[in-house]
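> Sequence first, predicted model second:
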Amino acid sequence: MYRLNLLRRAIALCFFYHAFQARGVRFFPTIEEENNSLSKDFVHGSAKQILKSLKSNSTEALTSGQGSSSWDDPYFVAHLTHSGGPNDNYYGLHAIMDVYGHELKHGQWSSTTFWINHAGHGNKSSYNAIQVGWHINPDRYGDSHPHFYTRWTRDNYDATGCYNMDCPGYIRVDGAVIAPGDAIHPVSNVPNGPRQSITLRVLKDKKSGDWWVYYGFNKIPTGVGYFPRSLFSYLAEKADGMQFGAFVKSKKALPTPPMGSGALPNGGKGRAASFTDIRFIDQDGNSRPIKEDLPMFVTDKKCHSITRIDHAVCFYGGPGGCMR
């Protein structure tokens with residue numbers, strides 16, 4: 001049973017990486033779990049073998065220009081939920097995240113994100129996902145400001161899904177304080193200035209089945225929009241995986257941009273970016289702090305990293321400047 005649970009986790013993780021695969025990049029992470037060679041074998045064996053068989057056919061990636069082979073592999077850090085255990089049904093995620101500004105060039109991209117997904121029946125075309133967070137993406141917005149963003153799919157970005165409101169999907173509610181694509185300001189100024197943060201909450205409404213997005217800038221979040229239940233197949237019922245973290249990527253001729261605040265997390269609260277008040281939300285809308293640690297993935301610790309969870313808090317980030 002233990003091996004079966006690990007295999008299920010590996011399969012779920014491989015679909016999590018489809019968000020990157022759909023953009024035309026290869027992605028081979030390293031797992032950081034102490035004394036667990038069996039987990040490593042499953043991730044680097046089963047998941048890597050599945051990833052090898054995947055090909056990018058994402059209409060969205062092609063039309064956005066972000067699936068081009070001129071983009072290098074992303075650098076990625078995240079905490080990911082377990083699969084195959086008693087808590088593998090998920091209905092919501094909540095966290096407070098700092099927001100930072102960096103001067104990025106066209107061809108550079110930095111993002112801090114929630115991923116909420118369901119691996120479906122094992123075929124990549126059944127992968128359902130929601131992304132919500134903030135990112136700096138000059139190619140999309142024509143500026144170097146952080147922007148609130150959303151993204152969704154029900155078929156691994158093959159024929160459905162998009163960013164923000166580029167296609168029918170995400171519905172903004174009347175009076176929402178922000179819309180997907182809006183710039184976020186002011187931004188944090190560390191180590192000497194104040195931290196600016198957004199509180200994000202994504203949860204499945206028990207009555208309607210819709211996935212609601214709540215947003216607050218330095219305050220309690222309010223509902224700003226939702227993904228209708230009808231958009232999805234498997235996410236219409238629940239999620240079987242939730243992740244939070246960050247990634248950066250760049251075109252092959254450019255170094256990677258900063259992640260988070262631009263500081264590695266060994267600097268702690270004084271300098272590094274953070275997730276705080278991290279919570280799971282249950283089917284009834286009740287939340288509980290994530291005090292236990294979760295599997296942690298880092299592509300290259302020398303460039304970007306993330307700390308273990310301690311009392312619903314973790315730190316992440318890196319200075320960038322890396323090239324493959």
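Okay, I see it. Source: prediction; values computed, not measured. Residues are numbered from 1 along each chain as shown.
> Now do the helices in the stretch 101-250 of the chain.
Taking DSSP state H, counting those that start in this stretch as the criterion, the stretch 101-250 of the chain carries its helices at 138-141.
> Okay, and residue 300 sits in which element?
In the assignment (DSSP states H and E), residue 300 maps to no helix and no strand.
> Now do the contacts for it.
By C-beta atoms under 8 Å, 6 or more residues apart in numbering, the contact set of residue 300 is 75, 322. Heads up, the C-betas are built off the backbone N, CA and C, glycines and all.
> Sketch out the strands for the stretch 51-200 of the chain, chain order is fine.
75-80, 92-98, 108-118, 128-136, 147-153, 162-163, 171-172, 197-204 (DSSP state E, counting those that start in this stretch).
> Strand partners (parallel or antiparallel) of the fourth one?
Taking DSSP bridges as the criterion, strand 128-136 forms sheet pairs with strand 108-118 (antiparallel), strand 147-153 (antiparallel).
> and if you look at the last one?
Using DSSP bridges, strand 197-204 pairs in its sheet with strand 92-98 (antiparallel), strand 211-217 (antiparallel).
> Please identify the deepest-packed of those.
Burial among the strands paired with strand 197-204, expressed as mean neighbours by mean count of other C-beta atoms under 10 Å, is greatest for strand 92-98, which shows a mean of 23.
> send the alpha carbons of that strand over as PDB?
Listed next in PDB are the C-alpha coordinates belonging to strand 92-98 (Å, rounded to 0.1, in the frame of the first residue of the first chain):
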ATOM      1  CA  GLY A  92      -9.400  25.000  -0.500                       C
ATOM      2  CA  LEU A  93      -6.100  26.800   0.200                       C
ATOM      3  CA  HIS A  94      -5.300  30.000   2.000                       C
ATOM      4  CA  ALA A  95      -2.100  32.000   2.600                       C
ATOM      5  CA  ILE A  96      -0.700  35.400   3.000                       C
ATOM      6  CA  MET A  97       2.200  36.100   0.500                       C
ATOM      7  CA  ASP A  98       4.500  39.100   0.200                       C
END
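> Distance from it to the middle of the chain?
Relative to the centre of its chain, strand 92-98 is centred 11 Å away, using C-alpha atoms, centre = their mean, to the nearest Å.
> Stretch 290-298: how far from the chain's middle?
Between the centre of stretch 290-298 and the centre of its chain there are 14 Å (C-alpha atoms, centre = their mean).
> Show me what residue 130 is bridged to.
With DSSP bridges as the rule, residue 130 is bridged to residue 116, residue 152.
> what comes into contact with stretch 160-180?
By C-beta under 8 Å, 6+ apart, the surrounding residues in contact with stretch 160-180 are 60, 64, 129, 140, 148-155, 181, 184, 213, 215-217, 222-228, 231.
> I meant to write stretch 114-129 there.
With C-beta under 8 Å, 6+ apart as the test, stretch 114-129 has contacts from 11-12, 15-16, 18-19, 54, 78, 90, 93, 95, 130-133, 151-156, 158, 161, 200, 202, 211, 232-235, 238-245.
> Pull out the buried residues from that stretch.
Going by neighbour count (16 or more other C-beta atoms under 10 Å), the buried part of stretch 114-129 is 114, 115, 116, 117, 118, 119, 120, 124, 126, 127, 128, 129.
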